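Novice: have a look at this prediction, sequence included:
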Amino acid sequence: MMSETEAVIWEFIRRDLSPADFEQWVYSHPELEQFWGKETYLEVISSGFVQDGHVYEVRESLREWMERYIQRVCDCVTWESRQVLFEVIGSGFPEAKEYLASKFETVRSRDESSGLVSCKGCQQKWYFAISREFLDYYLLRLSEEQAQAIINDDKWPADFDDISYGPLKTSQTGGGNKSVRSVLQRLRVPLGFVTAAVFLIFAHPSRLSLIIGFPLALCGVAIRAWASGHLKKNAELAISGPYAYTRNPLYFGSFILALGCAVGGGNRWSGLLLLGFFLAVYIPVMQAEAEYMMTLFAGAYPAYARHVPLFLPRLTPWQPDSPGRQQSAAFDRNLYLRYREYRALVGLLVVFAILGLKAAF
């Protein structure tokens, strides 16, 4: 079981506890110096808890400390109060369904698409719902009072009924653009398969086009792999590695990958189709995700967005004025494996194997 001290620290890291309340709690618990060690304790009490940048840095410092020294009972202690399961596990709907069944037990069902669940690891209660539009799982962290209100009086939180893309409820203002972007976010994978199939059917590769295209596409795969090892979805604002050059290195890597495939295909029109698909779909997706990140990391993202381009990389890595620890973070191989980014390499090899066969025959 998690101790009360650990629970309060995670509450602050998740932004469920205000900086002012956390500061007051820290000063009223001098035993924290022994818990954290003198260096970390001094860092926390000297942070000020006023400027957004300082609060962000102390949150990320404590997150790093907790993940290094404390064995957490489950992943959900690190999640935001409103969380999208799709983003947590970095995969699609079927995997989210399996993950939900393995990590949570149902306490009460409200209807076929929502209910009250309890974490098997820490017994934290969550209200879950399935987006009727996009088939993503949404989770809302509940207090014991809210959970008991559901169990005893069938009283469900009203602010979670109207769910939309992202863990935070969004305004309906400008809903047309958001709706289009959200649809593109969900359809980009199936549309990508259709576009790839059309590209391969009409491709006319040659030995020269393959020799030029494959190394270029391989560079795109390498960029994606590098980016995946620095990304902790919804938990930290990624600013290390390739994220110091562009806010979307995964999409930039995908663009280089698509460009390499377009060259390898040897057909101008199918290549333009491939690149046109990328630009038409992923630019709105990047804009939508930027709005989401602005909400999720309101304290740190504005400064990051001012200095780091949305897509095309800058020439030198961005260094914050008050650097925290994250921008020097090393590549994490476990993150690469967790997001199964190796599938991009497998896909590239399959595509060029098909192109190679077409070139040979």
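Specialist: In hand now; what should we look at?
Novice: could you pull out the helices for the stretch 151-300 of the chain?
Specialist: Ranges of helices in the stretch 151-300 of the chain, per DSSP state H, counting those that start in this stretch, are 175-202, 207-228, 249-265, 268-296.
Novice: what helices and strands are in contact with the third one?
Specialist: In other words, helix 249-265. helix 175-202, helix 207-228, helix 268-296, helix 342-360 (3 or more Cβ pairs under 8 Å, 6 or more residues apart in numbering; DSSP states H and E). In this view, the C-beta of every residue, glycine as well, is placed from N, C-alpha and C.
Novice: most packed of the ones you listed?
Specialist: Stretch with highest mean neighbour count among the helices and strands packed on helix 249-265: helix 207-228 (a mean of 19; mean count of other Cβ atoms under 10 Å).
Novice: OK, contacts around residue 302?
Specialist: Contacts for residue 302 were tallied using Cβ atoms under 8 Å, 6 or more residues apart in numbering; they are residue 294.
Novice: so what pLDDT did it get?
Specialist: On the pLDDT scale, residue 302 is placed at 88.
Novice: check which residues of the helix or strand hosting it are buried.
Specialist: Residue 302 is located in helix 301-307, with elements delineated by DSSP states H and E. For helix 301-307, burial by neighbour count (16 or more other Cβ atoms under 10 Å) applies to 301, 303-304.
Novice: then that helix to CSV, C-alphas only?
Specialist: Extracted in CSV, the C-alpha atoms of helix 301-307 (Å, rounded to 0.1, in the frame of the first residue of the first chain):
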residue,chain,number,x,y,z
TYR,A,301,4.2,24.7,-22.8
PRO,A,302,3.7,28.4,-23.8
ALA,A,303,7.5,29.1,-23.4
TYR,A,304,8.3,25.9,-25.2
ALA,A,305,6.0,26.7,-28.1
ARG,A,306,7.5,30.2,-28.5
HIS,A,307,11.0,28.8,-29.0
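Novice: now the element after it, going C-ward?
Specialist: Immediately after helix 301-307, counting by DSSP H and E, sits helix 333-338.
Novice: buried sites along that following helix?
Specialist: When neighbours are counted by 16+ other Cβ under 10 Å, the buried residues of helix 333-338 are found to be 335-336, 338.
Novice: what stretches of the stretch 101-250 of the chain score poorly on pLDDT?
Specialist: Across the stretch 101-250 of the chain, the stretches falling below the confidence threshold (pLDDT under 70) are 131-136, 161-192, 233-235.
Novice: what do you get if the cut-off is 80, keeping everything else the same?
Specialist: 131-137, 158-195, 232-236 (pLDDT under 80).
Novice: which residues sit against stretch 64-73?
Specialist: 1-2, 6, 9-10, 13, 36, 40, 78, 121-122, 325-326.
Novice: so which of those sit within helices?
Specialist: 6, 9-10, 13, 36, 40 (DSSP state H).
Novice: report the two of those separated the most.
Specialist: 10 and 40 (15.4 Å; Cβ to Cβ).
Novice: which one of these two has more residues nearby?
Specialist: Taking other Cβ atoms under 10 Å, residue 10 and residue 40 do not tie; residue 10 has more neighbours (21 against 18).
Novice: leaving out sequence neighbours, find the closest residue to the more buried one.
Specialist: Of all residues not flanking residue 10 in the chain, residue 77 sits nearest, at 4.9 Å (Cβ to Cβ, 6 or more residues apart in numbering).
Novice: can you check residue 230 too?
Specialist: Distances taken as Cβ to Cβ, 6+ apart place residue 241 nearest to residue 230, at 3.8 Å, with adjacent residues excluded.
Novice: and the one you found, how far is that from residue 225?
Specialist: Residue 241 sits 11 Å away from residue 225, going by Cβ to Cβ, to the nearest Å.
Novice: residues contacting the nearest residue to residue 278 once chain neighbours are set aside?
Specialist: Distances taken as Cβ to Cβ, 6+ apart place residue 258 nearest to residue 278, at 5.1 Å, with adjacent residues excluded. Shown in contact with residue 258 (Cβ under 8 Å, 6+ apart): 220, 274-275, 278.
Novice: same check on residue 206?
Specialist: 266, 359.
Novice: any idea how far it is from residue 257?
Specialist: Distance from residue 206 to residue 257, by Cβ to Cβ: 20 Å.
Novice: if we can go back for a sec, of the helices of the stretch 151-300 of the chain, which approaches residue 46 most closely?
Specialist: helix 268-296 (26.6 Å).
Novice: coming back round to it: reformat the helices and strands packed on helix 249-265 as CSV; add distance to residue 330.
Specialist: Shown next, in CSV, are those (distance: least, Cβ to Cβ, whole Å):
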stretch, distance to residue 330
helix 175-202, 30
helix 207-228, 11
helix 268-296, 23
helix 342-360, 19
